[in-house]
Each structure stands twice: as structure tokens, then as C-alpha cells.
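1. prediction below, plus the sequence it came from.
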Amino acid sequence: MLGGWKPIEDPKEKHVMEIGQFAVTEYNKRSKSALKFESVEKGETQVVSGTNYRLILVVKDGPSTKKFEAVVLEKPWEHFKSLTSFKPMPMLGGWKPIEDPKEKHVMEIGQFAVTEYNKRSKGALKFESVEKGETQVVSGTNYRLILVVKDGPSTKKFEAVVWEKPWEHFKSLTSFKPMVK
């Protein structure tokens, strides 16, 4: 079916492994990395003008093993292959730094944490900004944020953890504690 993704039945099949190896080699060339291809965990194909391969790759990055999602477009009749996407897979449970703590959604999560804390504690903290944070993929996403807040005339920092499941319109403040200087 043109355009639809279809699971690859045997990710260990020779040609699929070659596509995976190509993706890692090409990524290394572009980023001057030294990842080592291990295997294809699973994948899908999509018939376009050629074939897109969307593969979950297991690679060695020095001593650690990581997973990446790679998309490769292949047109075998033209002897053409192109790496169109190569990105790390979030490791379930691991914390990953937030690149832009001023991003709108991250700021909304920070504001939610302060508002929720004020409701529970009858506090009057005023949200200022998110200094930094991390996310963790769970059933949804945990946000661990360092918040800058106003408490009357003084500025304080708190660590807040918010669990969000956007598809259920669910947010919960699971932790809110002052940062110890």
C-alpha cells in the first residue's frame, strides 16, 4: 500500500541489516561519531518513490549500548540510499536533560507545579521561570524542574516533579521541595 508503514517480519534479514549498517556509517560520517552498528531490533518499510526503512538500531557508543531510530530512503534501481533521519530513542526510565527550559510547554508545566503547590499548601508563591529540567519517559512523562519563584519579596528555588499524560489531559504534582543551598 503506497504511503502506509508495514512491519518488517525479519529484522535480521541480510538486506535489512545492510540498511542498518549504512545508517550508522552515514551518521558517523556526518557527525564525526564512532558508533558501532550491532543489530536491527525492529523496523517498518514504507513504499514511496522507492522504499523508506524506519529501523530501531542497537549500536555501541564506546562501552555503552544505545538505541536509535533511523530512516533510510532506498531506490535500488538507481543504486541510491539516503539517511533522512537518525535520532536517539528515549530509554524508558532514564532522565534526559531539557534542551530549552524556556520552551512554552515546559514553562506551563512549571506554572502548573507552583499553582498546584499553592492550592495544596495555601501558599502564595509566584512562578518566575524554569531554570533547568529533565524529562523521564514513563507511562507519560515525568518533568523534574528547578523552578525560580517569588515568595513575598524574596526569590527562592524549588525542585518540582510533575507527571503528565497529555492524551488523558492528566497532570499531577508528585513532588515540590525547596532547593537546599
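-> On my side now, so go ahead. Residues are numbered from 1 along each chain as shown.
2. okay, domains of the chain per the record?
-> What the TED database lists as the domains of the chain is 4-88, 96-178.
3. looking at the chain, which helix or strand is least sure?
-> strand 95-97 (a mean of 84; mean pLDDT, DSSP states H and E).
4. can you give me the offset of it from its chain's centre?
-> Centroid separation for strand 95-97 versus its chain: 9 Å, with Cα atoms, centre = their mean, to the nearest Å.
5. any chance of the domains of the chain in CSV, with mean neighbour count too?
-> Where you see a C-beta, it was placed from the backbone N, CA and C, and this is true even at glycine. Output for the domains of the chain, formatted as CSV (neighbours: other Cβ atoms under 10 Å):
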stretch, mean neighbour count
domain 4-88, 15
domain 96-178, 15
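6. which strands or helices does the strand or helix carrying Phe158 pack on?
-> Assigned by DSSP states H and E, Phe158 belongs to strand 154-165. Applying 3 or more Cβ pairs under 8 Å, 6 or more residues apart in numbering; DSSP states H and E, one finds that strand 154-165 makes contact with helix 104-121, strand 126-138, strand 140-151, strand 170-178.
7. now do 7 Å
-> helix 104-121, strand 140-151, strand 170-178 (3 or more Cβ pairs under 7 Å, 6 or more residues apart in numbering; DSSP states H and E).
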